[in-house]
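Undergrad: quick one, fold the following:
(one chain, ligands or ions: 1)
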Amino acid sequence: MNNPNQATNYRTHYCGELSAENISNQVSVCGWVKRRREHGEKLAFIDLYDHTGIIQCVVDEKLNLGGEFVLKITGTVSERPEGTVNPNIKTGDVELTECEVEILNKAEPPPIPLDERVEVDENLRLRYRYLDLRKEKIQKNLRVRAKINEAFRSSMSEQGFLELETPLLIVSTPEGARDFVVPSRLHNGNFYALPQSPQIFKQLAMVGGIDRYYQIARCLRDEDLRADRQFEFMQLDVEASFVNQEDIIEIITAATKNALCAVLGDEISEAVEFSEMTYETAMENYGSDKPDTRFEMLLTDITQIFENTQANVFKAECLKAINVLGGVDKISRAQIDDLTDFSKKLGAKGLAWFKVGPKVDAAESLDGPLTKFLSADEMKALVESVSASSGDLILVIADTHQVANRVLGQIRVQLGTELSLTSGNEIQSAEDLNFVWVTDFPLFEGLDETGTPICAHHLFTMPHEDDIDLLVTGGGEGMLKARSLAYDLVLNGWELGSGSIRIHKPDIQERVFAALGLSEEETKKRFGYFLDAYKFGAPPHGGFALGIDRFTALLSGEENIREVIAFPKTQTGQDPMTGAPNRISDIHLKELGVQVPPEEK
Ligand code: ASP
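TA: Numbering: from 1, shown residues only. The predicted structure follows:
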């Protein structure tokens, strides 16, 4: 057996383990019937499978078997006769002969095909998730996930972190999403919130001298679902005392590398690099705080070139360009039109394009609908600024600084996929995994309609020492310049996790609350217990949380995190198998003191 390495009363081996090494051994295997082929009256071939693979069994008695019947087969491992070897499966050299079959359970015909190659409607798959789980791909993904968790645990424990559980029934956590709430039976009219993260508790654990905490934590956020988002998700949640940003980056990098080794082996993992870049560099060069650094095509600021331009569409706060190498042949007119529509959908006014022709003179060489409005000097400078040469395609967005960066950044990512500039989801070598630590995030990501700043991370994040004076009561644009000690870990353009050094001094925390427009009364009501704790000696501390679902999806080559979660919800947040969410009885509602609208018939 693989694990535990000993036989049980039911079986001596897993199906997929048998090989030529076991020839002439008497073995027992257990599993489900994948296929049966009958040869005449007496002879039958049964393919039996479990999560390790398939073994062919030759049976010489008439059996009434159906697909997915549960069997125990005892037989002799034999070499397959010449011409029947199957190189496509691990056990393809051998088969079980002289078999004795015990039917452990019958099965009705499965309501969904269990053949990996057949696409099944998502709702049906989740309705019969227990059958869907039998598929090789999901089995593999869930085992990758378990390996990641195990590697995280061992690394964190090796680095002196204590595994600690924090409660699920709490008060609201300020992560900026909507809470799931649970009505209280003993305190009618009151509600618990489910944790959006263990943030407050892990910080209080630092005040409590825990020093180094971690948890594979379940977080719940009532947000619209997407391919990379579920209501509940798992994080490697970490907090440490007496550390700075570099310490946390080192700790998390070590844990991540340990997980890579467990999943991909040492050779690839040791060659994987973790780079670091500031938020500002990421935004300016990649137009995103989640830069996909697997390919170049960086954004170039060309605003200055067109400072005095006659071209009206280029009279904008900011002009950014990318150069698509060889784009003239690789991108059709229809594709350019699609990209233009795409950029308009994203909020830009349009997308300007220039094809670079073979002429030596850069200005004469340019072709595109806008060239007639540009001077020769402008065109020459444009070509030079992005180092374009014959056959390249230059794309330009002219807009506000923010829109130009954001939209061109998304066009860049789109082109990365369309032009296959990355290996997609496949991981063949260390170059296919690009980890970037993005640092120096702004403290606030913008202002809401009332002019109040919105936290980029969360409200316990320490502002940059040099920028604390930018914080003023009552808000204002000026505060948007304030940087913070917040950092993200990005993998191949996906945000894997976020963290920050926290505020540990009550006066700075109060300043942030005031900057967010929270009155003293309000902060006392919402965070009084937290601010109280800070009066009693909070150590300097910081932490991080890494999304395990996303990480597993990326290492398994999956685009949708549902493929790496055993029992996920549908896109509409439902579980078609159990029927959640559902109505509860009137008696139960009464006990909880909750009134609901009548059921729709
Ligand atoms: N609580 C944060 C989150 O869930 C992570 C952290 O700051 O440690 O994103």
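
Undergrad: in this protein, where is pLDDT below threshold?
TA: The model of the chain has pLDDT under 70 over residues 1-6, 474-475.

Undergrad: near the ligand, which residues of it?
TA: Residues of the chain lying close to the ligand (C-beta under 6 Å from any ligand atom) are E175, S197, Q199, S498, G499, S500, G543, F544, A545. For the C-beta atoms, the positions are set from N, CA and C on the backbone; glycine is no exception.

Undergrad: which residue is the nearest non-sequential neighbour of the second one?
TA: Translated: S197. Nearest residue to S197, sequence neighbours excluded (C-beta to C-beta, 6 or more residues apart in numbering): C219, at 4.8 Å.

Undergrad: from the residues of the chain next to the ligand, which land in strands?
TA: Residues from those lying in strands, with DSSP state E as the criterion: S498, G499, S500, G543, F544, A545.

Undergrad: would you confirm that the first one contacts L485?
TA: This points to S498. No: in this structure S498 lies outside contact range of L485 using C-beta atoms under 8 Å: 11.9 Å.

Undergrad: what's the longest helix in this protein?
TA: Criterion DSSP state H: the longest helix present in the chain is helix 136-158.

Undergrad: ok, and what's touching the helix or strand just after that one?
TA: On the C-terminal side of helix 136-158, the nearest following helix or strand under DSSP states H and E is strand 162-163. Residues outside strand 162-163 that contact it (C-beta atoms under 8 Å, 6 or more residues apart in numbering): R153, M156, S157, I210, D211, R212, Y213, Y214, Q215.

Undergrad: which pair in these spans the largest distance?
TA: Spanning the widest gap among the contacts of strand 162-163 are R153 and D211, at 17.6 Å by C-beta to C-beta.

Undergrad: on that earlier part again, got a list of contacts for the longest helix of the chain?
TA: Here helix 136-158 makes contact (C-beta under 8 Å, 6+ apart) with 51, 116, 132-133, 163, 214, 216, 236, 238, 254-255, 258-259, 261-263, 548, 551-552, 555-556, 558, 563-564, 566.

Undergrad: now do 6 Å
TA: For helix 136-158, the surrounding residues in contact (C-beta atoms under 6 Å, 6 or more residues apart in numbering) are 51, 116, 214, 216, 236, 254-255, 258-259, 262-263, 552, 555-556, 563-564, 566.

Undergrad: just the buried residues of that helix, please?
TA: The neighbour-count check on helix 136-158 (16 or more other C-beta atoms under 10 Å) flags 138, 141-142, 144-145, 147-149, 151-153, 155-156 as buried.

Undergrad: phi, psi of F373?
TA: phi -90, psi 0 (degrees, to the nearest 10).

Undergrad: quick one, phi psi at the nearest residue to it once chain neighbours are set aside?
TA: Leaving aside its sequence neighbours, F373 sits nearest to A311 (C-beta to C-beta, 6+ apart; 3.7 Å). The phi and psi values for A311, taken as degrees, to the nearest 10, are phi -80, psi 110.

Undergrad: now I305
TA: Per degrees, to the nearest 10, the backbone of I305 is at phi -60, psi -30.

Undergrad: pretty sure it is touching K380, no?
TA: No: contact between I305 and K380 fails when scored by C-beta atoms under 6 Å: they sit 9.4 Å apart.

Undergrad: between these two, which is the more surrounded one?
TA: The neighbour comparison of I305 against K380 (other C-beta atoms under 10 Å) goes to I305, with 21 against 18.

Undergrad: can you map out the helices along the stretch 451-600 of the chain?
TA: Residue ranges of the helices in the stretch 451-600 of the chain, as given by DSSP state H, counting those that start in this stretch, are 506-515, 520-534, 548-556, 586-592.

Undergrad: I'd like those written out as a markdown table, with mean neighbour count added.
TA: Output for the helices of the stretch 451-600 of the chain, formatted as a markdown table (neighbours: other C-beta atoms under 10 Å):
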| stretch | mean neighbour count |
| --- | --- |
| helix 506-515 | 18 |
| helix 520-534 | 14 |
| helix 548-556 | 24 |
| helix 586-592 | 12 |
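
Undergrad: so for A348, which of those sits nearest?
TA: For the helices of the stretch 451-600 of the chain, proximity to A348 was assessed by C-beta to C-beta; helix 548-556 is nearest, at 28.1 Å.
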